[in-house]
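**Student:** take a look and give me a structure for this.
(one chain, ligands or ions: 1)
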Amino acid sequence: MKKNQIAIDGPAGAGKSTIAKMIAAQLGWIYVDTGAMYRAMALYFDRKGTDVNDEAAIDRDVDGAAVELAVVDGTQVVRLNGEDVSTVIREQRIGELASWTSRYGSVRSKLTELQRVLAEQQPVIMDGRDIGTTVLPDAGLKIYLTASTAVRAKRRYDELVEKGVRDADLSAIEKEIAARDEQDMNREISPLRKADDAVEVDTSDMTIDEVVARVIALYQER
Ligand code: DC
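**Tutor:** Numbers count the residues shown, from 1 in each chain. A predicted model of the protein is given here:
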């Protein structure tokens, strides 16, 4: 068991990255956002014009993308072939494409390897879909973070409203989240599922601070 690794998995919008960032800050560890890496790969295929329905095309193009995580002035940035793509990968279209292209074995094995290298170099808290099941199977603490679809949709909606988006549509967001869950949970390779030894934390009725306190307490108990 590796005490210096915490794995956080769960569906889109459960609050993984918010929680993981806060815990990393408290413990003085590095936070690794693996979803950002899948997004950067998807952006690469999108820009290159790769036919994302054609696995042979994916396999051919995958090695043209160098994905890197770095910390600049205390903030994590994602680089694609040297370019900081941290903002553009947050577009919803890229998130959806990432969910699609993450089904391919060549994409998964490339990023899994990068993620394991990062975890060997320093204590990490890593979030994603397959961290506890595949990437860091020996992590000292595994959390499966969930929340109801309705709560996750409402959080996303509130975020958009906060950003000034005027035509945010709650029921459309809820449908998108359900579709993303379906895709991430039903792909063949490393689908999203709770690892047998993960602790499930349902955040539907919890505040962010309560979730952070719970995870830290679980870590200290180990
Ligand atoms: O967490 P996110 O929304 O940024 O992730 C985008 C997509 O990337 C997600 O829908 C599925 C994929 N992903 C994955 O397959 N495995 C991971 N460890 C992280 C993300």
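**Student:** now do the buried residues in stretch 198-207.
**Tutor:** 198, 199, 201, 203 (16 or more other Cβ atoms under 10 Å). Using the backbone N, CA and C atoms, a C-beta is placed for each residue, glycine as well.
**Student:** what's it in contact with?
**Tutor:** 7, 9, 14-15, 132, 141-148, 151, 194, 211, 214-215, 218 (Cβ atoms under 8 Å, 6 or more residues apart in numbering).
**Student:** tell me the SS of the nearest residue to residue 3 once chain neighbours are set aside?
**Tutor:** Leaving aside its sequence neighbours, residue 3 sits nearest to residue 140 (Cβ to Cβ, 6 or more residues apart in numbering; 4.2 Å). Secondary structure, DSSP: H, G, I helix; E, B strand; the rest coil: residue 140 is strand.
**Student:** so what's residue 140 up against?
**Tutor:** Contacts of residue 140 by Cβ under 8 Å, 6+ apart are 1, 2, 3, 4, 5, 6, 219, 222.
**Student:** does the ligand sit close to the least confident helix or strand in the chain by mean pLDDT?
**Tutor:** Lowest by mean pLDDT, DSSP states H and E among the helices and strands of the chain is strand 67-72, with a mean of 91. No. Strand 67-72 stays clear of the ligand (Cβ under 6 Å from any ligand atom), getting no nearer than 12.3 Å.
**Student:** which other helices and strands does that strand contact?
**Tutor:** strand 30-33, helix 34-48, strand 75-80, helix 105-121 (3 or more Cβ pairs under 8 Å, 6 or more residues apart in numbering; DSSP states H and E).
**Student:** out of the buried residues of stretch 198-207, list just those in strands.
**Tutor:** Counting by DSSP state E, the part of the buried residues of stretch 198-207 found in strands is 199, 201.
**Student:** can you add distance to residue 159 and give the buried residues of stretch 198-207 back as CSV?
**Tutor:** Putting the buried residues of stretch 198-207 into CSV (distance: Cβ to Cβ, whole Å) gives the following:
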residue, distance to residue 159
198, 26
199, 26
201, 20
203, 15
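**Student:** mind putting the buried residues of stretch 198-207 in JSON lines, distance to the ligand and pLDDT included?
**Tutor:** Output for those, formatted as JSON lines (distance: Cβ to the nearest ligand atom, whole Å; pLDDT from 0 to 100):
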{"residue": "198", "distance to the ligand": "14", "pLDDT": "98"}
{"residue": "199", "distance to the ligand": "18", "pLDDT": "98"}
{"residue": "201", "distance to the ligand": "17", "pLDDT": "98"}
{"residue": "203", "distance to the ligand": "15", "pLDDT": "96"}
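**Student:** out of the buried residues of stretch 198-207, who's nearest residue 158?
**Tutor:** residue 203 (14.4 Å; Cβ to Cβ).
**Student:** nearest residue to the closest one other than its sequence neighbours?
**Tutor:** What sits nearest to residue 203 in space, not counting adjacent residues and going by Cβ to Cβ, 6+ apart, is residue 147, at 4.7 Å.
**Student:** kindly report the same for residue 145.
**Tutor:** residue 10 (3.7 Å).
**Student:** what number of residues lie near that neighbour?
**Tutor:** The number of residues packed near residue 10 is 28, by other Cβ atoms under 10 Å.
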